[in-house]
Structures are given as structure tokens and as C-alpha cells.
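Enquirer: no FASTA, just this:
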């Protein structure tokens, strides 16, 4: 394949930042403020990696804003891609499309239960129909639970904020949920590996194939910081989520970063240095 020229949306997000760090080919960045002139951004590009996602806007506050950033942005990008004869459109989707179903084969049913999952699935449908009708190669990558890097949304970032700010960490459903956690650097490496070859599958899970219980991670943190204040909550969440990575393993044989090892290193008190003087970290154990 000839060298790629990538337009990357969500370029200033956690995954976008890591893709840019690892990329060996030209990457045009499209951040939150660059959507006014897509035609200029797409000039010279032949590949789109659509990694932009709005995880902040709540439907209860701004449904128009939420739909605009998570659905209409994709529609605008697709039409612009057609105008510029883009060869390949890659969409960063989510395991949220599977909902509570423990079956995560890419050809299986999708039954999302959250607005995020519904909007991701709608995006998938838009992309598949549009790209097939316009002879554009596409890939939909269903990423499981990302952590690491400059993450602000994972359970680990919430744990860290609770410790540093002296606030309670909300542990839902006693931490029974099992999740497939994948480090952002592994996700970026897989994405770039995929771009370097023809698309073998239109839909692909990006995960480790292993599920870790939330309570296990909490236990590792409590071992180092027993003063962590925990609020026990109840919410509707899928109890089990693990990626079926049979397709992924056909071409990706690398080892994944182990989340338990990462937590032991990340929450090592010696590593925190001056941060250990935070009032939250000096509170006597309860």
C-alpha cells in the first residue's frame, strides 16, 4: 500500500494523542475546534480515523449538543469523505453496542442499553450503509474498556481523583462487574497496524479477551491506600463484558499490558512522590 495521509478526529483526546505519538505516517489533527471547514482538513488525506467522541454532554442537559457531537459529526464527515474520495474510513466504536449480552462475536446481535451504546450503534449503521453504497472501504473497531495515558474517564482515573481530592469513590454493585480492560497504547498500536494492511473485516473487537472484576482492582488500590473512602452505590450495568478476539488474534499476536500490573505500579505510594502529601492521602484509615 502507498503511504497513508490520515485525518484523525478526536486528535486531542486520549486515544488520538496516543495514535499521534505512535504514528509513522502524516497525521492531520482535527480537534474539538476544527470542524468548521472539513474540506480544508481533508485536503490531501486518503484515510479517516474517526476517534472523536463526546463523553461529557448528558442527554438530560443538552440532547441537541449530544446528538450533534456524536451523530451529526459522523454524518458530516461521511459526506465530506465522499467529496474527497477517501479510500478508507475507520470508526472507533465501543463495546457498549453489545449491552448486557455476554456474546461479543462481531457478527452477533447488538442490544445497547445506554445512550452511548445506542449512538455508537447508529454511527455504525450510518457508516456501513454509506460506505458500502459509495464503494468506500471501512472498518468499525469496537473498543472495550480503555485506560492509561491521559485518561479522564476510566475507573482508574476516578480512583486517582478520589484519593487526591479527598472525595469518596463510588463503587457500584459491590464491584461484581467484570470488564475487559485494554491500555490505550495497545489500542493505538492495533489501529495503526490495521491501517498498514487491507481491511480483512469490517467489524472488529479491540480488547484483550480477559475479564477482570472491578472489586479486584479496588482491592489492589486499598492494599496501598487503605484510607480510600468508598461509597457503595447501585446502578444498572452489564455484569460481564469480555471481548471475543478470535478475529483480532488472526493478525495481532502481541502481548497486552496487564491491568493488574499497571494498577500495582500506578498506585505505588513511592511513585506518587509529592502527591502523597495530599490531605486525602494523610487521612487515617477508617
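Expert: That came through fine. All values derive from a computational prediction rather than experimental measurement.
Enquirer: do a quick rundown of the helices in the stretch 51-200 of the chain.
Expert: Counting by DSSP state H, counting those that start in this stretch, the stretch 51-200 of the chain has helices at residues 63-67, 73-83, 115-133, 155-165, 184-195.
Enquirer: for these, which one ends up most surrounded?
Expert: Among the helices of the stretch 51-200 of the chain, helix 184-195 has the highest mean neighbour count (mean count of other CB atoms under 10 Å), at a mean of 20. For glycine as for every other residue, the C-beta is placed from the backbone atoms N, C-alpha and C.
Enquirer: next structured bit after that one?
Expert: strand 203-206 (DSSP states H and E).
Enquirer: so which elements touch the helix or strand following that following strand?
Expert: Toward the C-terminal end, the helix or strand that comes next after strand 203-206 (DSSP H and E) is strand 212-213. Counting contacts by 3 or more CB pairs under 8 Å, 6 or more residues apart in numbering; DSSP states H and E, strand 212-213 packs against strand 178-179.
Enquirer: hmm, who's touching the strand it packs on?
Expert: 144-145, 211-214, 239-242 (CB atoms under 8 Å, 6 or more residues apart in numbering).
Enquirer: go again with 6 Å.
Expert: 145, 211, 213, 240-241 (CB atoms under 6 Å, 6 or more residues apart in numbering).
Enquirer: equivalent analysis for stretch 44-57, please.
Expert: By CB under 6 Å, 6+ apart, stretch 44-57 touches 4-10, 15-16, 28, 65-66, 69-70, 81, 86-92, 153.
Enquirer: now the closest residue to residue 95 other than its chain neighbours: how far from residue 6?
Expert: Using CB to CB, 6 or more residues apart in numbering and skipping the chain neighbours, the partner closest in space to residue 95 is residue 144 (4.5 Å). For residue 144, the distance to residue 6 (CB to CB, to the nearest Å) stands at 23 Å.
Enquirer: picking that back up, show me which of the contacts of stretch 44-57 are buried.
Expert: Among the contacts of stretch 44-57, those classed as buried by 16 or more other CB atoms under 10 Å are 4-10, 15-16, 28, 66, 69-70, 81, 86-92.
Enquirer: how is this protein divided into domains?
Expert: 6-149+181-206, 155-176+210-241+257-282 (automatic domain parsing).
Enquirer: weakest of those by average pLDDT?
Expert: Of all these, the minimum mean pLDDT falls on domain 155-176+210-241+257-282 (a mean of 88).
Enquirer: can you pull up the most central residue in the protein?
Expert: Geometric centre of the chain, nearest residue: residue 146, 4.9 Å, by CA atoms, centre = their mean.
Enquirer: residues in contact with the closest residue to that one other than its chain neighbours?
Expert: Once flanking residues are discounted, residue 146 sits nearest to residue 184: 5.2 Å by CB to CB, 6+ apart. With contact set as CB under 6 Å, 6+ apart, residue 184 has these partners: 14-15, 18, 146, 148-149.
Enquirer: ok, now residue 18?
Expert: Each residue near residue 18 by CB under 6 Å, 6+ apart is listed here: 149, 184-185, 188.
Enquirer: pick out the most distant pair among the residues you listed.
Expert: 149 and 188 (8.7 Å; CB to CB).
Enquirer: about what we covered before: rebuild the domains of the chain as JSON lines, extending it with distance to residue 248.
Expert: What follows is these, written out as JSON lines (distance: least, CB to CB, whole Å):
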{"stretch": "domain 6-149+181-206", "distance to residue 248": "6"}
{"stretch": "domain 155-176+210-241+257-282", "distance to residue 248": "13"}
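Enquirer: of all the ones you listed, which lies closest to residue 249?
Expert: domain 6-149+181-206 (10.3 Å).
Enquirer: strands of this structure, start to end?
Expert: Assigned by DSSP state E, the strands in the chain fall at 6-9, 27-30, 47-50, 88-94, 137-143, 145-147, 169-172, 178-179, 181-183, 203-206, 212-213, 230-233.
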